[in-house]
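*Asks:* Structure for the following, please:
(one chain, ligands or ions: 2)
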Amino acid sequence: MRKINYRTEEEIELIRESSLLVGKTLAEVARNIKPGVTTLELDSIAEEFIRSYNAVPGFKGYNDFPGSLCTSVNEAVVHGVPTNEPLQDGDIVSVDCGVYKNGYWGDSAYTFAVGDIEDEVASLLKRTKESLNRAIEVAVAGNRIGDIGFAVQSYSESFGYGVVRELVGHGLGTDLHEAPEVPNYGRKGNGPLLKEGMVLAIEPMINLGGKSVRQKNDGWTIVTSDGKVSAHFEHDIVVRKGRAEVLSTFEYIEEVLKTNCIFRVINRMVQ
Ligand code: MG
Ligand code: MG
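*Replies:* Ligands and ions are numbered 1, 2, ... in the order given. All right, here's what the predicted structure looks like:
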């Protein structure tokens, strides 16, 4: 088994810097998400933004991945390749972004609504994000990896959702994917012990339908087997005593979404 790294405060600050840049990049993406935009356009916006901070869009070229973002639309769960296909009103798109700067990674994801989405899909997004919050609540020193998975699984399955098994969260630091694996399912009190200084990317992938997934023949995109939509949210955290510290942020993203929402309401009123 690969060794788990415990990060110093100096290292944690560098991971925070990369993680915050991911949050700002995703906000830049959020500003541009609307029906008609292509995920390739979003990808180049993100790449340019990251490079303007003298950072590297780390996904690009990682295992030969072609994009700076993973853009996973509707039934795509994760690892979606940016394409020329325009997003449509009613779609959802998970945007996953990685930044490498000063030798340390940040990795965070958010699933966006494109225009107006169905109520049951909006609920899936809200609850997937809530499952991430519940996971973070139990990611404290003295608990175990299985407590994180249990928190996501028990909450998500209470709504009848499918919890993806094949893809998992991970340790994070000088490499994008470090030990330990962080599954979104599990049993309380099982798995590696959580200790102070462990940095984890926690990323629930929750399907509206069944848990089964398959890979598309593009060699990358993971889609649900039943074709129903899937949501994905990801934060980077550091394990502490009492309460985990979240190193990434959705604050910039949600500021943009709030503003977009106000504009949509005003537009509707004047039409
Ligand atoms: Mg990610
Ligand atoms: Mg990740």
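*Asks:* residue boundaries of the helices in the chain?
*Replies:* Taking DSSP state H as the criterion, the chain carries its helices at 9-32, 39-52, 119-138, 145-157, 251-270.
*Asks:* Go through those and pick out the most buried.
*Replies:* Using mean count of other Cβ atoms under 10 Å, the stretch among the helices of the chain with the greatest mean number of neighbours is helix 145-157 (a mean of 23). (Glycine included, C-beta is placed from N, CA and C.)
*Asks:* what is the orientation angle of that one with helix 119-138?
*Replies:* 160 degrees (axes from the mean of the first three to the mean of the last three Cα atoms, to 10 degrees).
*Asks:* Tell me how many other residues crowd the closest residue to ligand 2 within the stretch 151-271 of the chain.
*Replies:* When distances are taken as Cβ to the ion, the stretch 151-271 of the chain approaches ligand 2 most closely through residue 201, which lies 4.1 Å from it. Here the neighbour count serves as a burial measure; for residue 201 (other Cβ atoms under 10 Å) it reads 27.
*Asks:* residue contacts, it?
*Replies:* With contact taken as Cβ atoms under 8 Å, 6 or more residues apart in numbering, residue 201 is in contact with 107, 108, 169, 170, 171, 172, 182, 234, 235, 236.
*Asks:* if you set the cut-off to 7 Å instead, what comes out?
*Replies:* Counting by Cβ atoms under 7 Å, 6 or more residues apart in numbering, residue 201 touches 107, 169, 170, 172, 234, 236.
*Asks:* Just the CA trace of stretch 208-219, in CSV.
*Replies:* As requested, C-alpha coordinates have been extracted for stretch 208-219 and formatted as CSV (Å, rounded to 0.1, in the frame of the first residue of the first chain):
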residue,chain,number,x,y,z
LEU,A,208,-30.1,10.0,-9.9
GLY,A,209,-30.6,6.3,-10.9
GLY,A,210,-28.5,3.2,-10.2
LYS,A,211,-24.9,3.1,-9.1
SER,A,212,-23.5,1.3,-12.1
VAL,A,213,-21.2,3.2,-14.5
ARG,A,214,-19.3,2.5,-17.7
GLN,A,215,-16.6,4.2,-19.7
LYS,A,216,-17.4,5.7,-23.1
ASN,A,217,-15.3,4.7,-26.1
ASP,A,218,-13.5,8.1,-26.0
GLY,A,219,-11.4,6.3,-23.4
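*Asks:* Distance of the residue of the stretch 51-200 of the chain found nearest ligand 2 relative to ligand 1?
*Replies:* Relative to ligand 2, the nearest point of the stretch 51-200 of the chain is residue 107 (4.3 Å; Cβ to the ion). Relative to ligand 1, residue 107 is positioned 4 Å away (criterion: Cβ to the ion, to the nearest Å).
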